[in-house]
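Student: Provided below for reference: sequence and predicted model.
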Amino acid sequence: MTSTAIPEPEPEDTRILPPTTGPLWSIHHWLNGITPKTRRFDRLISCLQFRLAHGRWPGHRATLQDALLALKVGDEILSRDRVRTTDKELAKHFIEEHAGPGLAVPTIAVLHSKKEAAGYAFPSRCVIKPTHSSGSIIIRRNGEALNLNRILGWFDHNYYRVWREANYRDLPPKVIVEPVLFDADPNTELKVFCYRGRVKCIKCYLGAPVNTTSMLFTADWQPLHATLGTPVSPEVRARPEILERIVAIAEALAAPFSLVRVDFYWQGTELFVGELTHIDHNATGQFFPLEETDRISRIILEPA
């Protein structure tokens, strides 16, 4: 049976997510479970999620969240390239094709069934995650014991049925195993927001792994003193020496899409593209401080 439980953020996932508990969210979870899995009801449930997260109905402001919701409930989200790059294995082929060889995170193994995963000898140092979901990850650094039942449970999970992101709907369940990059430090992550093929702002993480903060920067690394999904960093991180390369790669990958986030792992002059994210925070994420929502949204959504 396909699981519809709300996925809990992993210990390494330090994003601030909107609350998904309380009486109104309970009604949402019930409605989500009983309503047909059709595009009409995807739109209704997604608008309800938006209302619960932001305290308003969508479509009345020109914010990033409104634009993301419009993308989520529209036809473009089901385009071949959107669906292909949602799959964490297939996205690597897209990255290599559009940005060049050696940029995708290397793959150690792809496991296609519970039986294969149950019999696999996971390396003592690796990253394990489902290719067909979001927010679930295990980082094994020194041969720690693994919760195999949790890994096997990923094969029963359908992210679409939880959050109605239709680009996940028909993805086959797989588990991918990758090497640990840069000691899996979240401070090596860059989230690059692109609109109409141009980099508009870059989210850079700072702070200890258990209390991550971040800052948004313009494409030329001017700090915006605001962020999305985490507390705002009190520090301003130095401009990456390979910023021009990051921007060029992001724009090459963003070219087929109207709005997309390109995720990088970066340290010094080393660089890997992690994945492409189509609906940031399921269109329910919030800017910090909240009053910066309109200003940052204008920066991201202003035509090039």
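Tutor: That came in fine, so what should we check first? This one's a predicted model, so the numbers in the text were calculated from it and none came from an experiment.

Student: Past the longest helix anywhere in the chain, which element shows up next along the chain?
Tutor: Within the chain, and with DSSP state H defining each element, the longest helix by residue count is helix 39-54. Next along the chain after helix 39-54, taking DSSP states H and E as the criterion, comes helix 64-73.

Student: The next helix or strand after that following helix: which residues count as buried?
Tutor: Toward the C-terminal end, the helix or strand that comes next after helix 64-73 (DSSP H and E) is helix 80-86. In terms of neighbour count (16 or more other Cβ atoms under 10 Å), helix 80-86 has its buried residues at Asp81, Arg82, Val83, Thr85, Thr86. (Each C-beta comes from the backbone N, C-alpha and C, glycine too.)

Student: quick revisit: could you pull up the mean pLDDT of the longest helix of the chain?
Tutor: Average pLDDT, helix 39-54: 96.

Student: From the chain's centroid, how far away is that helix?
Tutor: Distance of helix 39-54 from its chain centroid, counting by Cα atoms, centre = their mean, to the nearest Å, is 19 Å.

Student: Run through the neighbouring helices and strands of it.
Tutor: Other helices and strands packing on helix 39-54, by 3 or more Cβ pairs under 8 Å, 6 or more residues apart in numbering; DSSP states H and E, are helix 23-34, helix 64-73.

Student: Pull out the buried residues from the longest one.
Tutor: Neighbour counts over helix 23-34 (16+ other Cβ under 10 Å) mark Trp25, His28, His29, Asn32 as buried.

Student: Present the residues you listed as JSON lines; the columns should include distance to Phe50.
Tutor: Output for the buried residues of helix 23-34, formatted as JSON lines (distance: Cβ to Cβ, whole Å):
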{"residue": "Trp25", "distance to Phe50": "13"}
{"residue": "His28", "distance to Phe50": "11"}
{"residue": "His29", "distance to Phe50": "15"}
{"residue": "Asn32", "distance to Phe50": "13"}
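
Student: how about CSV for the residues you listed, with pLDDT added?
Tutor: Shown next, in CSV, are the buried residues of helix 23-34 (pLDDT from 0 to 100):
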residue, pLDDT
Trp25, 90
His28, 92
His29, 91
Asn32, 94
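
Student: Quick check: the farthest pair among these?
Tutor: Trp25 and Asn32 (10.0 Å; Cβ to Cβ).

Student: Check the burial of the nearest residue to Phe50 once chain neighbours are set aside by counting its neighbours.
Tutor: Distances taken as Cβ to Cβ, 6 or more residues apart in numbering put Pro58 closest to Phe50, at 4.8 Å, once the chain neighbours are dropped. Pro58 has 21 neighbours, counted by other Cβ atoms under 10 Å.

Student: Which residues are in contact with Pro58?
Tutor: Residues counted as contacts of Pro58 (Cβ atoms under 8 Å, 6 or more residues apart in numbering) are Cys47, Phe50, Arg51, Gln65, Asp66, Leu69, Ala70, Ala283.

Student: Going along the chain, name the strands of this structure.
Tutor: 109-111, 126-130, 138-140, 175-178, 189-195, 198-206, 213-218, 227-228, 259-267, 270-277, 287-288 (DSSP state E).

Student: Point out the other helices and strands that the fourth one packs with.
Tutor: Contact here means 3+ Cβ pairs under 8 Å, 6+ apart; on that basis strand 175-178 packs against strand 109-111, strand 126-130.

Student: so where is this protein shaky, pLDDT-wise?
Tutor: The model of the chain has pLDDT under 70 over residues 1-19, 208-211.

Student: try it again with 90
Tutor: The model of the chain has pLDDT under 90 over residues 1-24, 60, 183-187, 206-212, 235, 303-304.

Student: the domain parsing of it - what is it?
Tutor: Using automatic domain parsing, the domain parsing of the chain gives 80-103+183-301, 109-182.

Student: so how far is the last one off the chain centroid?
Tutor: Right, the one you point to is domain 109-182. 15 Å.

Student: quick one: terminal-to-terminal distance for that domain?
Tutor: Domain 109-182 has an end-to-end distance of 19 Å (Cα to Cα, to the nearest Å).

Student: cool, and the first one?
Tutor: Distance between the two ends of domain 80-103+183-301: 23 Å, counting by Cα to Cα.

Student: looking at the helices and strands packed on strand 175-178, which is closest to Phe264?
Tutor: strand 126-130 (15.3 Å).

Student: So which elements touch that closest one?
Tutor: strand 138-140, strand 175-178.

Student: which outside residues touch that strand?
Tutor: 88, 108, 122, 136-140, 146, 151, 154-155, 157, 173-181, 184.

Student: now stretch 237-244
Tutor: Leu190, Cys204, Leu206, Met215, Asp220, Trp221, Ile246, Trp266, Gly268, Thr269, Leu271.
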